[in-house]
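# Need the 3D shape of this:
(one chain, ligands or ions: 1)
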Amino acid sequence: MSEHFDLVLAQSRMIAPTVRHMAFSRGDGASLRFVPGQFLQIHFEHDGKALRRSYSVATYPGDVQNPDGLIEMAVSYVEGGAATRLLSAMQSGERIDASGPYGRFVLHENDANRRYLLIATGTGVTPYRAMLPELERVIAARGVEVLLLFGARTQAELLYGEEFTAFAARVPGFRFLPCFSRERPARDRADDRSGYVQSVLATLSPNATEDIAYLCGNPNMVDACFAALKDAGLAIPNIRREKYISPPDPKGRAAANPE
Ligand SMILES: Cc1cc2nc3c(=O)[nH]c(=O)nc-3n(C[C@H](O)[C@H](O)[C@H](O)COP(=O)(O)OP(=O)(O)OC[C@H]3O[C@@H](n4cnc5c(N)ncnc54)[C@H](O)[C@@H]3O)c2cc1C
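Here you go, the predicted model:
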């Protein structure tokens, strides 16, 4: 069930040139109950209008770097963005009005697939970070294979890349495929890919009887991968999507399409 609460900024750091990792506690001291993959909304006023923006929860239980279970998000800065202006200026100790959790972009208990294809661009990778312990559990329980195909322009924008690499090294059955659209790192790793995720997807040979796919991030990427997976025969309920888009503002301006 969703609730309304204050978030108090505890810590933050830049994890890419225009992405801020922000860790909050709840102002009422309660812990947040959420299912990995869900998001929160922040509520704020901008130019006299009440606005809201959604951010996926990146927190996962057992993270040694987050022993207090702070509520983590990765916020991508969008030029001229209303939430960007607010969140990029926020200092430790400051509060923001929030609600949640929301969303059904979560793992399903009853899935019986052989493989998960997790696909993301930009901050769209954060729901998968939150899912890591659950993924480890389902890999151990039923031998499912998990491929994380993550699109970034450069190594500097490969959010949480070291964490996913370490997880892949520790958990057989999980493969991390960083996919660079602009510049591949000099230190080439076997699982690095070049190009856009929607092009590389075909090389993973999507299979209608074995795969369930999750798509998160840039709406154009989500639409392109959805079309490719549908063409490969995947049933629509087996292609689960979260598009990172702003709601139209009260004046009806076009929605944002952040990466
Ligand atoms: C379910 C859900 C979860 C989300 N989770 C996250 C998350 O974890 N992290 C995150 O960073 N975002 C996330 N988003 C997107 C987020 O909610 C905002 O849309 C985003 O932060 C931009 O908000 P803003 O107010 O700063 O910009 P806006 O005020 O909405 O947009 C400002 C202007 O920039 C344009 N614009 C927007 N994006 C881009 C872009 N990428 N390139 C060029 N121009 C652009 C818009 O069209 C507009 O003209 C999520 C969205 C949804 C629906």
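
# and the stretch 101-250 of the chain, which residues reach the ligand?
For the stretch 101-250 of the chain, the residues in contact with the ligand (Cβ under 6 Å from any ligand atom) are Gly103, Thr123, Thr126, Glu242, Tyr244, Ile245, Ser246. (Each C-beta comes from the backbone N, C-alpha and C, glycine too.)

# The fifth one reaches Cys216, doesn't it?
Yes. Between Tyr244 and Cys216 there is a contact at 7.3 Å, judged by Cβ atoms under 8 Å.

# which neighbours do these two share?
Listed as contacting both Tyr244 and Cys216 by Cβ atoms under 8 Å, 6 or more residues apart in numbering are Gly124.

# Contacts for the one helix or strand Ser199 maps to, please.
In this assignment (DSSP states H and E), Ser199 forms part of helix 197-200. Helix 197-200 is contacted from outside by 119-121, 149-151, 177, 179, 193-194, 221, 224-225, 228, using Cβ under 8 Å, 6+ apart.

# Which other helices and strands does the next helix or strand after that helix contact?
Where DSSP H and E defines the elements, the next helix or strand beyond helix 197-200 is strand 211-217. The contact analysis (3 or more Cβ pairs under 8 Å, 6 or more residues apart in numbering; DSSP states H and E) places strand 211-217 against strand 115-121, helix 126-142, helix 219-231, strand 239-243.

# switch to 10 Å and redo it
Of the remaining helices and strands, those touching strand 211-217 by 3 or more Cβ pairs under 10 Å, 6 or more residues apart in numbering; DSSP states H and E are strand 115-121, helix 126-142, strand 145-152, helix 197-200, helix 219-231, strand 239-243.

# relative to strand 115-121, how tilted is it?
10 degrees (axes from the mean of the first three to the mean of the last three Cα atoms, to 10 degrees).

# so strand 211-217 versus helix 219-231, what angle?
170 degrees.

# For Thr123, see how far away the closest residue to the ligand within the stretch 51-200 of the chain is.
Of all residues in the stretch 51-200 of the chain, Gly81 sits closest to the ligand, with a separation of 2.1 Å (Cβ to the nearest ligand atom). Gly81 sits at a distance of 13 Å from Thr123 (criterion: Cβ to Cβ, to the nearest Å).
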